[in-house]
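> Fold the following and give me the result.
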Amino acid sequence: MLKIFFSILFCLPLLVLGGSDASPWYILFGSDGCDECQEIKELWEEISELPSHPRLLYVNIDKQENYQLLKTIEAQLQVKRPGNTFPIILFGSEMLTGINELLEHMQKAGDKLPQAPDIPALKKPAQAVRASAEAVIAYEEELQESTAAVPVEVESTGQQFPLLYFMQKGCQNCSRQLRELQLLLRILPGLQVDCYDIGTEAGQLMLQRAMQKLQIPASDENLIPMVVWADGYIAQRLARAEELKVLLSAESGPVFWKMLVTPQERQVLKRTQGNLLQQATLTVIAAAGLIDGINPCAFATSIFLIGYLLYLKRRPRQIVLIGICFCLGVFASYLLFGLGFSFLIDFLGRLIWVKTLLYLLFGLAALLLGVLHIRDAWRFRASGKNSDMDLGLSKHTHRRIHDQIKKMITVHSRLLIPAALVLGIVVSSMELACTGQIYLPTLAAINSSGISWRAFSLLVLYNFFFIMPLLVVTAMAALGIGGQALAGWARRHVFSTKLLMTLLFACLAMLMFIFAWQERPQSYLPAYDSIDCLHNASHEAETGEVSETD
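Numbers count the residues shown, from 1 in each chain. A predicted model of the protein is given here:
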């Protein structure tokens, strides 16, 4: 609205300077439910008070006769590429699409507003303008075969003319194409149009099949609206009824879009659509590894290890060496655990319904863990005691981990490297009950497309981010930052860590439910899962109602 307001301010001075003996008039082709049409009418009410008195003829294209007037004007003006969306404005001899294009041409015209062209189709509209003093005049066209751009109706020959139409809910560029198809139905009573909304799975599957059949190169460009017949298509422009009448041929057998959708096609669509989901999965997996690494039960072990090394007065070089070896042991151990669980998930996923059920169970478990973690966060905030939190390692497990650290780190210096590696494996195994809360649903997300190099890469990525906090702690200890300082930092951030884990579990749950929906067993989709768009268009024309497609 601001753009329109400033454009009006710019136009007014130019119009005041102008003025002509004959008031210029223009035609607005639109519908009663069109917001942009209403804005143009309101604009005209304001500028009609100027000396030039520009007039506007409003033609409701929901009525077939009025729509045919638009086509007749375009034919007589020899418009090569008609606008495929409404509103359309006849401004002088130009057919403009939308209010922005209209305002742009008005600014360029300034005080020399163009007059309507002298063509046969505009004789009666010109009479209506002269007969009224209103700024905006509603006009109804009477159907006359002499001025019709296309024949009205023909007898049915019993032949069938199949056509495939791709649209999108809320697509303004699709609004006029529907009316062309409705007009084509009057020319070819045997026309059978299957409409698919590309915003649905059925629409995406059918579009994928059409692109493969017609060898349409894949790109990020939007092809909608798109009209397809047995061996050709028209996309990104208006497919006129006269043009389609020549291109269509009667079919004796089923066309390619009436065949059942196969599981293989669904699999191809799943891979095609997976790019955005894979990016989201990549982000969630990296975040999951990092948050799991600062998980209080894992982070406390890292702090105890570093604190004990400082207590033993190990040199910075030894602290770095032990810390890195410990990290390698944890990394190798978790990677092996991950591979084992990945093969188990992949094996179970081959059974009917099992993969879907696994994702549902992981999703529900993630939701439950998210609730429990946020409960722990509020409990810790209220009391400041770790013992009030339910999710974590037991005191017995903590003691066992501490005993293993003391045992391994006090060995002879020549055995420190293998001891640190073994310590990483042992400690990670004992912590799995706590860290596995995040690890298991993450593994399910990693293996959503089966065992592959990509899945292995994501597994490595997760474990790298998991050991990153320990690497940071090791570096800080080597720089002289004591274990008490690290423990204090960890304690101050327990609440925020728990909230991060809650958010992570919510993201994991969402991924699990999406994967469960994608993996639901479904051998095929009906070939006739299409929209009755022509019937809806006819209903709009009769009742004046406008569907969301417009």
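> Can you give me the domain assignment for the protein?
Here the domain parsing of the chain from automatic domain parsing is 2-139, 161-261, 274-518.
> Assign the residue nearest to residue 176 when sequence neighbours are not counted to helix, strand or coil.
What sits nearest to residue 176 in space, not counting adjacent residues and going by Cβ to Cβ, 6 or more residues apart in numbering, is residue 84, at 5.1 Å. Quick note: C-beta positions are derived from backbone N, CA and C, even for glycine. Following DSSP: H, G, I helix; E, B strand; the rest coil, the label given to residue 84 is coil.
> again with residue 56
Going by three-state DSSP: residue 56 is strand.
> Let me see the contact set for it.
25, 26, 27, 28, 40, 41, 44, 48, 135, 136, 137 (Cβ atoms under 8 Å, 6 or more residues apart in numbering).
> Greatest separation within the residues you listed: which pair is it?
Put simply, by Cβ to Cβ the two of the contacts of residue 56 set farthest apart are 27 and 48, 15.0 Å from each other.
> between the two, which one's more packed in?
More crowded of residue 27 and residue 48, by other Cβ atoms under 10 Å: residue 27, with 23 against 18.
> Would you mind measuring from the closest residue to the more buried one other than its chain neighbours to residue 127?
The shortest distance from residue 27 to any non-neighbouring residue, by Cβ to Cβ, 6+ apart, is to residue 90 (4.1 Å). According to Cβ to Cβ, to the nearest Å, residue 90 and residue 127 sit 16 Å apart.
> Give me the more crowded residue out of the two.
Counted by other Cβ under 10 Å, residue 90 and residue 127 do not tie: residue 90 has more neighbours, with 24 against 10.
> can you confirm the more buried one is in a strand?
Yes - the assignment for residue 90 by three-state DSSP puts it in a strand.
> Can we start the residue count at 690 from this point?
Happy to do that; since the first residue is 690 now, the last one works out to residue 779.
> quick one: buried residues of the helix or strand where residue 882 lies?
Using DSSP states H and E, residue 882 maps to strand 880-886. For strand 880-886, burial by neighbour count (16 or more other Cβ atoms under 10 Å) applies to 880, 882, 883, 884, 885, 886.
> Make CSV out of those residues and add distance to residue 1054.
Below are the buried residues of strand 880-886 laid out as CSV (distance: Cβ to Cβ, whole Å):
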residue, distance to residue 1054
880, 53
882, 47
883, 42
884, 41
885, 37
886, 35
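> could I get those residues as JSON lines with pLDDT and distance to residue 866?
JSON lines is the format used below for the buried residues of strand 880-886 (pLDDT from 0 to 100; distance: Cβ to Cβ, whole Å):
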{"residue": "880", "pLDDT": "87", "distance to residue 866": "14"}
{"residue": "882", "pLDDT": "89", "distance to residue 866": "11"}
{"residue": "883", "pLDDT": "88", "distance to residue 866": "14"}
{"residue": "884", "pLDDT": "89", "distance to residue 866": "10"}
{"residue": "885", "pLDDT": "87", "distance to residue 866": "13"}
{"residue": "886", "pLDDT": "84", "distance to residue 866": "13"}
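> Do a quick rundown of the helices in the stretch 990-1139 of the chain.
1005-1038, 1043-1072, 1084-1098, 1105-1135 (DSSP state H, counting those that start in this stretch).
> before we move on, what about the stretch 1140-1239 of the chain?
Using DSSP H, counting those that start in this stretch, helices in the stretch 1140-1239 of the chain cover 1142-1167, 1172-1181, 1183-1207, 1222-1232.
> and what of the stretch 790-939 of the chain?
812-819, 864-876, 890-902, 930-936.
> deepest of those helices, which one?
Counting by mean count of other Cβ atoms under 10 Å, helix 864-876 has the highest mean neighbour count of the helices of the stretch 790-939 of the chain, with a mean of 22.
> That helix versus strand 880-886: what angle between them?
Helix 864-876 runs at 160 degrees relative to strand 880-886, counting by axes from the mean of the first three to the mean of the last three Cα atoms, to 10 degrees.
> rewinding a little: next step: the contacts of residue 745 restricted to strands.
Judged by DSSP state E, those include 714, 715, 716, 717, 825, 826 as members of strands.
> So which of the residues you listed is the closest to residue 763?
The closest of the ones in strands among the contacts of residue 745 to residue 763 turns out to be residue 716 (Cβ to Cβ; 11.5 Å).
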